[in-house]
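[1] Predicted structure and sequence below. I'll ask about it afterward.
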Amino acid sequence: DAGVIQSPRHEVTEMGQEVTLRCKPISGHDYLFWYRQTMMRGLELLIYFNNNVPIDDSGMPEDRFSAKMPNASFSTLKIQPSEPRDSAVYFCASSPPDIDEQFFGPGTRLTVL
Amino acid sequence: QKEVEQNSGPLSVPEGAIASLNCTYSDRGSQSFFWYRQYSGKSPELIMSIYSNGDKEDGRFTAQLNKASQYVSLLIRDSQPSDSATYLCAVNIGENQGGKLIFGQGTELSVKP
């Protein structure tokens, strides 16, 4: 079975540009999570969805960040405009119904110059 | 603020020894507890989950949970150099949270040949 798929794997952009990260969860999973990981702050939950509906976005750092899940097999995290402090590894994870275990994708390493 | 605390390490053990990793959490309502392993440059990988007080064994790994003390640990027997990684403790932060996990900062483990 395919795991969580993320694209792109690496993204280098300049400050002020729009960045879109993509995620395909494991088929049949009904929860989807977006995390950000940095050395300083560790692994932080940004937002999560249940059955395509955003449940908790309290971790989204500011209005420059937005996330959508138009269907059960696709989600995006958008940063507009991007800033150097957004440089981090962004992970998507999904979990199946009634089980809290989360399975992570390979991540997107974002560098904002 | 609900928290999960781990010693950052690094924890260094000789090959063949038992590595002991510890984690405390603040939310008494937490019901689900997880250990993830993260190799440098890779995504977190679920290695153990535990839901009840006591021990749970899986191969060389044993997870221990004490809800009264709000403490969860991971023992790795017969440690191998390939076990060298950062180990993340994750805790569900209470009932009806829909699988939302809080992660500790991680403990770096180094197994010396």
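    Looks like it came in fine. Values in this document were obtained by computation on a predicted structure and should not be read as measured data.
[2] Tell me which residue is most central in chain A.
    With distances taken as Cα atoms, centre = their mean, A:Trp34 lies nearest the centre of chain A, 3.3 Å away.
[3] Give the burial count for A:Met60, as a bare number.
    18 (other Cβ atoms under 10 Å in any protein chain shown). For glycine as for every other residue, the C-beta is placed from the backbone atoms N, C-alpha and C.
[4] For it, grab phi and psi.
    For A:Met60, the backbone dihedrals are phi -70, psi 120 (criterion: degrees, to the nearest 10).
[5] Let's see the pLDDT reported for it.
    pLDDT, A:Met60: 94.
[6] thought it was touching A:Leu46?
    Yes. A:Met60 is in contact with A:Leu46 according to Cβ atoms under 8 Å; the separation is 5.4 Å.
[7] Need the overlap of contacts for these two.
    Residues touching both A:Met60 and A:Leu46 by Cβ atoms under 8 Å, 6 or more residues apart in numbering or on different chains: A:Ala67.
[8] coming back round to it: isn't the residue nearest to the centre of chain A up against A:Tyr90?
    Yes. Taking contacts as Cβ under 8 Å, A:Trp34 lies within contact range of A:Tyr90: 6.8 Å.
[9] what do the two both touch?
    With Cβ under 8 Å, 6+ apart, A:Trp34 and A:Tyr90 have common neighbours A:Leu77.
[10] quick one: contacts for B:Tyr36?
    B:Tyr36 neighbours (Cβ under 8 Å, 6+ apart): A:104, B:44-47, B:87-88, B:90, B:103.
[11] If it is in a bridge, with which residues?
    In this entry, B:Tyr36 is beta-bridged to B:Leu46, B:Leu88, by DSSP bridges.
[12] what comes into contact with the lowest-mean-pLDDT helix or strand in chain B?
    The helix or strand of chain B with the lowest confidence, counting by mean pLDDT, DSSP states H and E, is strand B:101-103 at a mean of 91. Applying Cβ under 8 Å, 6+ apart, the set of residues contacting strand B:101-103 from outside is A:42-43, A:45, A:100, A:102, B:2-4, B:25, B:27, B:32, B:34, B:36, B:88-93.
[13] if you set the cut-off to 10 Å instead, what comes out?
    Under the contact criterion Cβ atoms under 10 Å, 6 or more residues apart in numbering or on different chains, strand B:101-103 has outside partners A:33, A:35, A:37, A:42-45, A:48, A:93, A:95, A:100-102, B:1-4, B:6, B:25-27, B:30, B:32-34, B:36, B:44, B:88-93.
[14] That one pairs with which strands, parallel or anti?
    Using DSSP bridges, strand B:101-103 pairs in its sheet with strand B:85-92 (antiparallel).
[15] quick one: the partner strand to chain centroid distance?
    5 Å (Cα atoms, centre = their mean, to the nearest Å).
[16] Stretch A:77-88 now?
    12 Å.
[17] What of stretch B:17-29?
    Distance of stretch B:17-29 from the chain centroid (Cα atoms, centre = their mean) equals 6 Å.
[18] Now that stretch: buried residues?
    Within stretch B:17-29, the residues scored as buried using 16 or more other Cβ atoms under 10 Å in any protein chain shown are B:19, B:21-25, B:27.
[19] can you check stretch B:33-47 too?
    In stretch B:33-47, counting by 16+ other Cβ under 10 Å, buried: B:33-38, B:43-44, B:46-47.
[20] That one: end-to-end distance?
    End-to-end distance of stretch B:33-47 (Cα to Cα, to the nearest Å): 11 Å.
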